[in-house]
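[1] Fold the following and give me the result.
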Amino acid sequence: MYKGSITDIEGVSVGHYTDAKNKTGCSVVIIDNGGVCGVDVRGSAPGTRETDLMRPTAMVQKANAFVLSGGSAFGLASADGVMRYLEENGQGFDTGVAKVPIVGAAVLFDLAVGSADVRPTADNGYTACQNAVNDVIETGKVGAGTGATTGKAAGKLLAGKGGFGTASISLGGGIVVAACFAVNAFGDIYDHTNGEKIAGMKGMKTYNVLLKGAKFDFSGKNTTIGVVGTNAILSKEQANKLAQLGQDGIALSVRPSHTMFDGDTVFAFGTGQKKSDINAILAAGAEVAARAIENAVSKS
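    Have a look, this model is predicted:
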């Protein structure tokens, strides 16, 4: 059954931990037996884990899971719980003495929305794994998107909704390209097909506020983070290129994007089940990222 989700990729499951009271949470993407991985960090205020390991020159080829989390840098702790879950299930890089799960993670800042002293923990990351399904997944104000907002240049009172979204594209021949994103952007969110603003600052556009001189310091308090994947065969270099095209998807939907205030980070993977033209995969990667971002706010 087509789900319109990153779980349309065989062997991929997604789970959330949501703390609606404190407006934070985390989301995990688990890849059975791992996927050839890549990453692109384009925002200037990122909070990440294992990104160096996913670059083309690093030895390890596959990642077992990706974590998107609230809680700012504190939220990186949620990846420890994901590692624990994967180790218990025999997943990871075999060192000969132990299997070490390879878990990439990126975080967003939601501390000013809910309780600043409540952040996703290792136990919460473990719970997200227990909740993971290869089925239709919940979107909107869930998981990493629980406390997410957008369009914050005029202060949080005028900020708009953020959230968690997903989308997928079938290229024919069984090839799937899909994405999921947690959207907590400094900029506004637009429908990239018609230019209509669909979320962000209330009553104004972020660009206009910036041109007049924003009066608030939002350094490190915004980001759009996500995962783009495919069931196609990818080299590690191609997986990194797919992550770059995922960033292009951010630029299609988030205006402005990749600012000094944002920590925009995209992970990518290929499960290696199908052969496909890399250029088609890359084009679909940008498109599906944009759709996932727009779905995150339209379904919040």
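
[2] When you work out contacts or count neighbours from here on, use the C-alpha atoms and nothing else.
    Noted.

[3] just so I have it, where are all the helices in the stretch 51-200 of the chain?
    Per DSSP state H, counting those that start in this stretch, the stretch 51-200 of the chain carries helices over the ranges 78-88, 122-130.

[4] quick one: average confidence on the first one?
    Mean pLDDT, computed over helix 78-88, is 98.

[5] rewinding a little: next, format the helices of the stretch 51-200 of the chain as JSON lines and append mean neighbour count and distance to residue 70.
    JSON lines is the format used below for the helices of the stretch 51-200 of the chain (neighbours: other Cα atoms under 10 Å; distance: least, Cα to Cα, whole Å):
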{"stretch": "helix 78-88", "mean neighbour count": "22", "distance to residue 70": "9"}
{"stretch": "helix 122-130", "mean neighbour count": "23", "distance to residue 70": "11"}
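
[6] As TSV, the ones you listed with distance to residue 232 would be great.
    Shown next, in TSV, are the helices of the stretch 51-200 of the chain (distance: least, Cα to Cα, whole Å):
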stretch	distance to residue 232
helix 78-88	23
helix 122-130	24
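
[7] Out of those, which gets nearest to residue 7?
    When the helices of the stretch 51-200 of the chain are compared by Cα to Cα, helix 122-130 sits nearest residue 7, at 14.1 Å.

[8] how far does that closest one sit from the chain's center?
    Taking Cα atoms, centre = their mean, to the nearest Å, one finds the center of helix 122-130 at 17 Å from the center of the full chain.

[9] what's it packed up against?
    Counting contacts by 3 or more Cα pairs under 8 Å, 6 or more residues apart in numbering; DSSP states H and E, helix 122-130 packs against strand 12-19, strand 24-41, helix 78-88.

[10] The same query, at a cut-off of 6 Å, please.
    The contact analysis (3 or more Cα pairs under 6 Å, 6 or more residues apart in numbering; DSSP states H and E) places helix 122-130 against strand 12-19, helix 78-88.

[11] Just the residues contacting the first one, thanks.
    Applying Cα atoms under 6 Å, 6 or more residues apart in numbering, the set of residues contacting strand 12-19 from outside is 7, 25-31, 128-129, 131-134, 142-143.

[12] And the average pLDDT for it is what?
    98.

[13] Only C-alpha atoms, please: export that strand in CSV.
    Output in CSV follows, covering the C-alpha atoms of strand 12-19 (Å, rounded to 0.1, in the frame of the first residue of the first chain):
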residue,chain,number,x,y,z
VAL,A,12,12.4,1.6,6.8
SER,A,13,10.4,2.3,9.9
VAL,A,14,9.7,5.6,11.7
GLY,A,15,8.8,6.2,15.4
HIS,A,16,8.0,9.2,17.5
TYR,A,17,8.3,10.2,21.1
THR,A,18,5.9,13.1,21.8
ASP,A,19,5.7,15.2,25.0
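
[14] between it and helix 122-130, how big is the angle?
    Orientation of strand 12-19 against helix 122-130 (axes from the mean of the first three to the mean of the last three Cα atoms, to 10 degrees) gives an angle of 140 degrees.

[15] hmm, back to that, could you identify the buried members of the contacts of strand 12-19?
    7, 25-31, 128-129, 132-134, 142-143 (16 or more other Cα atoms under 10 Å).

[16] ok so, going back, and residue 268, which of the helices and strands packed on helix 122-130 is closest to it?
    strand 12-19 (12.7 Å).

[17] give me the number of residues near the closest residue to residue 130 other than its chain neighbours?
    Leaving aside its sequence neighbours, residue 130 sits nearest to residue 15 (Cα to Cα, 6 or more residues apart in numbering; 7.2 Å). The local packing of residue 15 (other Cα atoms under 10 Å) involves 24 other residues.

[18] From residue 179, how far off is residue 15?
    Using Cα to Cα, to the nearest Å, residue 15 is found at 14 Å from residue 179.

[19] Residue 298: which of the contacts of strand 12-19 is nearest?
    The closest of these, once distances to residue 298 are taken by Cα to Cα, is residue 142, at 13.4 Å.

[20] Leaving out chain neighbours, which residue sits closest to that closest one?
    In space, residue 142 is closest to residue 18, 5.5 Å off (Cα to Cα, 6+ apart).
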